[in-house]
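In: Provide a 3D model corresponding to the input given below.
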Amino acid sequence: MLHPAPAPAPADSALTGDLSLGYDSQYSFRGVTGLVVPEADHAVTAAINLAYAVNDQWSLVGGVTIQTVNSKVANFDNYTYRGGVHYKASSFSAEIGYQGFDGLLSPVTTSAQEASSEIYVNLGTTTPFIGGTTNLFVAHDIDKLEGTYIELSFNKGYEICDSVGVDVTVGGAYSLDYWKKVTTTSTPIGTSRAIATSSDLNHVYITLGLPWQAVGDLMVTPHVTYSKGLAALNPAGPGSEDSEVIYGIKASIGF
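Out: Reported below is the predicted structural model:
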């Protein structure tokens, strides 16, 4: 999914970050899989996130993500880059910034890749009574899409033993005219239409992860996601985003 990872935890150095490499069995972008890229298959993602602590609460953050997607129609690469300002208090965090992407909305071939950019706000807070974190992510596209994407999620982790845990995330999204300028050529090939022409519920999902601290700062996390496309991802005519199960694994190391 395309929203910023939390800023790395403060360390002795003002500059902290993490590197990650992951595999997913199915390409997915904000609930969309085969509607934009017919017959899209697995994706390999590499990312770096950086944070420079100005003081105990404020940080400058940024990151770059490169993703290679295999499709039965055409293979293509995605590039995402972001920069922003992150604030963290004892039970609340907020980040505002700019995010650009290239290739995330490739309709069929690499020559038709779409590039766009957005302003985002990411808010997180400790959930009262039950613990965990509730997160609200809002992105408004200022280029090609000119729409707004809103996602609300809840995350909670449980420790199994010293080095292994269980991580659960549930969420749902709403799109405000977000897909009206994105056309899909899903089955039958050549049938082009907008994904959605108005505002509606986008999708819901649940993700289960098993983070394992393998050695030192190396974290390895196998995960599986169930995603269900809603009204915004069901365009008129053939093809829609129904239920999808995506599994994968991610390795990350902090510094």
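In: can you give me the helices for this protein?
Out: Counting by DSSP state H, the chain forms no helices at all.
In: in it, which helix or strand is least confident?
Out: strand 193-194 (a mean of 60; mean pLDDT, DSSP states H and E).
In: which parts of stretch 201-214 are buried?
Out: Asn202, His203, Tyr205, Thr207, Gly209, Pro211, Trp212 (16 or more other CB atoms under 10 Å). All C-beta spots, glycine's among them, are computed from the backbone N, C-alpha and C.
In: what does stretch 44-54 give?
Out: Going by 16+ other CB under 10 Å, stretch 44-54 has these buried residues: Thr45, Ala47, Asn49, Leu50, Ala51, Tyr52, Ala53.
In: didn't the third one look like it was pressed against Leu15?
Out: Right, the one you point to is Asn49. No - assessed by CB atoms under 8 Å, Asn49 is found out of contact with Leu15, at 11.6 Å.
In: what residues do the two have in common as contacts?
Out: Common contact partners of Asn49 and Leu15 (CB atoms under 8 Å, 6 or more residues apart in numbering): none.
In: What is the burial count for the closest residue to Gly132 other than its chain neighbours?
Out: Of all residues beyond its chain neighbours, the one nearest Gly132 is Lys156 (3.2 Å), with distances taken as CB to CB, 6 or more residues apart in numbering. Residues lying near Lys156 (other CB atoms under 10 Å) number 15.
In: who does Lys156 bridge with?
Out: Beta bridges link Lys156 to Val168, judged by DSSP bridges.
In: Mind pulling the model confidence for it?
Out: With respect to pLDDT, Lys156 scores 96.
In: And the one 3 residues further on, by the same measure?
Out: pLDDT for Glu159: 93.
In: quick one: low-confidence parts of the stretch 101-250 of the chain?
Out: 104-114, 183-197, 235-240 (pLDDT under 70).
In: where do the strands sit along it?
Out: 115-126, 133-141, 148-159, 165-176, 183-184, 193-194, 200-209, 212-215, 218-229, 243-254 (DSSP state E, counting those that start in this stretch).
In: how about a markdown table for the ones you listed, with distance to Gln67 added?
Out: Converted to a markdown table, the strands of the stretch 101-250 of the chain look like this (distance: least, CB to CB, whole Å):
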| stretch | distance to Gln67 |
| --- | --- |
| strand 115-126 | 14 |
| strand 133-141 | 17 |
| strand 148-159 | 18 |
| strand 165-176 | 20 |
| strand 183-184 | 19 |
| strand 193-194 | 24 |
| strand 200-209 | 18 |
| strand 212-215 | 23 |
| strand 218-229 | 16 |
| strand 243-254 | 12 |
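In: which of those strands sits most buried?
Out: Among the strands of the stretch 101-250 of the chain, ranked by average contacts under mean count of other CB atoms under 10 Å, first place goes to strand 183-184 (a mean of 22).
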